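Q: output the structure for:
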Amino acid sequence: MNIKIQTNSSDKAFNQYLELINEGLPNGETLPTSFYEVKKYMRDLGFGYTIIDACPNNCVLYRGQLEAARECPKCKEPRFKSGKQKDVALKRARYSPIMDRLQQLFTTKDLAKDMRWHKDKRVDDDMLRHPTDGKT
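A: Numbering: from 1, shown residues only. Model prediction:
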């Protein structure tokens, strides 16, 4: 999934990579065979996200009180593309709650140890060795 994002690969190309990798795996090994299956698997692991419509000029997110708004209250830009039968947002933001991401980082013993490094292993002797040692 990381390679798909870094190389800006299409879904079709990613599916072909998965097919190629699956052919090289021994019989009985399982690996998702499509981008759709990978997304579903990641969502089940807790790596899902919520999509929120946003102003094209980054003024506001259309949530809470603005959820029903048709234009930005600050810059008056329309929220949706014109000429479409169905409302399609001009810009969308993907939001992944911080608590879900932190819980995932603490699920394995090694990662949890690394996440607590700043508290457990940092030397506190008034010498600047790491940005967390600074007063700011």
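Q: distance of the most centrally placed residue in the chain from Asp120?
A: In the chain, the residue lying closest to the centroid (C-alpha atoms, centre = their mean) is Ser96, at 5.9 Å. Noted for Ser96: a distance of 27 Å to Asp120, by C-beta to C-beta, to the nearest Å. Where you see a C-beta, it was placed from the backbone N, CA and C, and this is true even at glycine.
Q: how far does stretch 129-136 sit from the chain's center?
A: Distance of stretch 129-136 from its chain centroid, counting by C-alpha atoms, centre = their mean, to the nearest Å, is 28 Å.
Q: residues contacting it, please?
A: By C-beta atoms under 8 Å, 6 or more residues apart in numbering, the surrounding residues in contact with stretch 129-136 are His118, Arg122, Val123, Asp124, Met127, Leu128.
Q: mind checking which helix or strand the fourth one is in?
A: Under DSSP states H and E, no helix or strand contains Asp124.
Q: measure the residue lying closest to it once chain neighbours are set aside to Val123 for me?
A: Excluding its sequence neighbours, the residue lying closest to Asp124 (C-beta to C-beta, 6 or more residues apart in numbering) is Asp133, at 7.8 Å. Look at Asp133 and Val123: by C-beta to C-beta, they are 8 Å apart.
Q: the two: which has the busier surroundings?
A: Legend: neighbour count by other C-beta atoms under 10 Å for Asp133 and Val123, higher for Asp133 (14 against 9).
Q: residue ranges of each domain in this protein, please.
A: What the record gives for the chain is the domain set 1-45, 50-95, 97-124, from automatic domain parsing.
Q: measure the shortest one end to end?
A: The first and final residues of domain 97-124 sit 32 Å from each other (C-alpha to C-alpha, to the nearest Å).
Q: for the nearest residue to Arg63 once chain neighbours are set aside, helix, strand, or coil?
A: In this structure, Arg63 finds its nearest non-sequential neighbour in Ile52, 5.3 Å apart by C-beta to C-beta, 6+ apart. Classification of Ile52 using DSSP: H, G, I helix; E, B strand; the rest coil returns strand.
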